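Participant: Here is the input, now give the coordinates:
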Amino acid sequence: MQLRLPTLLSFNAGYIDTASFLAIHGLFAAHVTGNFVTLGAALVTDNHSGALAKLLALPMFCIAVIASKLIDQLFLSQQKSSYTFLLKSKFTLYLLAALISVKYLPFPEGDHWPAFVVGMLLICGMAIQNAMHRLHWVKESPTTVMTGSTTQLMLDVGDLLSKSEKTDKVAIKTRFKKILPVMISFAIGCAIAAIVYHFALMWIFFVPPALMILIYIKKDQYAK
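Facilitator: Below is the predicted model of the structure:
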């Protein structure tokens, strides 16, 4: 599997979602709607840890997406591209999260400010990645949530199994080549985050800013 931009981005999303879930008491940084589930569970159990972060995850995500759009419009008004600025913003957010976390990990249970701030920084970074799919990576497969991609692949498998004459095997093959590496990379990111959490917790949030350097190097490898 080649280290193309989409696979790096999906690895980043899988890694951050798992790392935040494990280290910040059930907070999803990429799959933010999942926080409604964990928030609901927290409200009816004795474990209310991180409830504030889960409650504010979606509003923070929305604010970051709106900010990304406004920044993009500002650059466009100056006949420039927001592409590199948004990538650098992601790196800055991840680096701040890493620097804060290395001092306070492991985060205690409850709504303590270090865990809350780190969680919000990671959510903002993932919000930018989601926004960039609509602003710059329009032709690329989604890299943050795999539900839609999995659905499309299974529909394609169903088409192949049906042996219908209307099945466009060339189009299906093209989609498989684009989507499958992204899904595998996301899963690998999840697994690596779990391993780092177990063996090197203090450094778990240093992987995303390091990965952003590689993403920046590969920033022009996307479908235009």
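Participant: and the helix ranked longest in the chain, what does it pack onto?
Facilitator: When the chain is scanned for its longest helix (criterion: DSSP state H), the result is helix 169-199. If you count contacts as 3 or more Cβ pairs under 8 Å, 6 or more residues apart in numbering; DSSP states H and E, helix 169-199 packs onto helix 5-23, helix 147-162, helix 207-217. Using the backbone N, CA and C atoms, a C-beta is placed for each residue, glycine as well.
Participant: quick one: Tyr94 and Ile215 touch, right?
Facilitator: No - between Tyr94 and Ile215 there is no contact under Cβ atoms under 8 Å: 10.5 Å.
Participant: Looking at these two, which has the bigger crowd around it?
Facilitator: Remark: of Tyr94 and Ile215, Tyr94 carries more neighbours, 25 against 21, as counted by other Cβ atoms under 10 Å.
Participant: Ramachandran coordinates for the more buried one?
Facilitator: The phi/psi pair for Tyr94 (degrees, to the nearest 10) reads phi -70, psi -40.
Participant: Also Gln221?
Facilitator: phi -90, psi 60.
Participant: quick one: it and Thr7 touch, right?
Facilitator: No - at 9.8 Å, Gln221 does not count as touching Thr7 under the criterion of Cβ under 8 Å.
Participant: So for the two, which residue has more residues nearby?
Facilitator: Counted by other Cβ under 10 Å, Gln221 and Thr7 do not tie: Thr7 has more neighbours, with 22 against 14.
Participant: I'd like to know which helix or strand in this structure has the lowest mean pLDDT.
Facilitator: helix 34-43 (a mean of 71; mean pLDDT, DSSP states H and E).
Participant: name the helices or strands packed onto that helix?
Facilitator: helix 51-77.
Participant: In this structure Val145 contacts Ala30, no?
Facilitator: Yes - counting by Cβ under 8 Å, Ala30 is a contact partner of Val145 at 7.0 Å.
Participant: three-state assignment of the residue of the chain most remote from its centre?
Facilitator: What lies farthest from the middle of the chain is Glu165; by Cα atoms, centre = their mean that is 38.0 Å. State at Glu165, reduced to three classes by DSSP: H, G, I helix; E, B strand; the rest coil: coil.
Participant: circling back: give the residues shared as contacts by Val145 and Ala30.
Facilitator: The contact sets of Val145 and Ala30 overlap at Ala13 (Cβ atoms under 8 Å, 6 or more residues apart in numbering).
Participant: neighbour-wise, which of the two wins?
Facilitator: More neighbours surround Ala30 than the other of Val145 and Ala30, with 28 against 19 (other Cβ under 10 Å).
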